[in-house]
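Colleague: how would this look folded up:
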Amino acid sequence: MGLLRHLDALVAAWLPGSEGSGVADVLFDETVDFKGKLPLPWFRSVRDLQPDHSPGPNPPLFPMGFGLSKAE
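Modeller: A predicted model of the protein is given here:
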């Protein structure tokens with residue numbers, strides 16, 4: 001997992017729109033409880049992707065549905 005094992009958290013905020021500061025507002029505002037769950041698995045390597053979407057030989061790094069809420 002390389003660098004990931006040294007992190008307490010990872011936020012992947014793709015396409016935040018014109019209000020990129022909104023991501024910071026959600027992360028640091030104590031009144032907002034966000035939930036972040038993966039809609040798809042994150043694979044360790046491109047080699048783990050299967051053309052027919054069947055499970056590959058290695059488990060994904062983060063399975064579908066992985067994530068937390070701010071309250072957790």
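Colleague: how much space between the residue of the chain most remote from its centre and residue 7?
Modeller: Relative to the mean C-alpha coordinate of the chain, counting by C-alpha atoms, centre = their mean, the farthest residue is residue 52 (23.2 Å). Going from residue 52 to residue 7 by C-beta to C-beta, to the nearest Å gives 33 Å. Yep, even glycine has a C-beta here, placed from its N, CA and C like the rest.
Colleague: Give me the three-state assignment for the residue farthest from the centre of the chain.
Modeller: coil (DSSP: H, G, I helix; E, B strand; the rest coil).
Colleague: which residues touch it?
Modeller: With C-beta atoms under 8 Å, 6 or more residues apart in numbering as the criterion, no residue contacts residue 52.
Colleague: quick one: pLDDT of it?
Modeller: On pLDDT, residue 52 comes in at 74.
Colleague: What of the one 3 residues further on?
Modeller: As summarised for this prediction, residue 55 has a pLDDT of 69.
Colleague: and what of the one 3 residues further on?
Modeller: For residue 58, the pLDDT comes out at 83.
Colleague: and residue 36, what element?
Modeller: strand 35-37 (DSSP states H and E).
Colleague: which secondary structure elements does that strand contact?
Modeller: The elements that strand 35-37 packs onto, with contact taken as 3 or more C-beta pairs under 8 Å, 6 or more residues apart in numbering; DSSP states H and E, are strand 67-69.
Colleague: ok, back up a step: the strand holding residue 36 pairs with which strands, parallel or anti?
Modeller: Sheet pairing of strand 35-37 (DSSP bridges) gives strand 67-69 (antiparallel).
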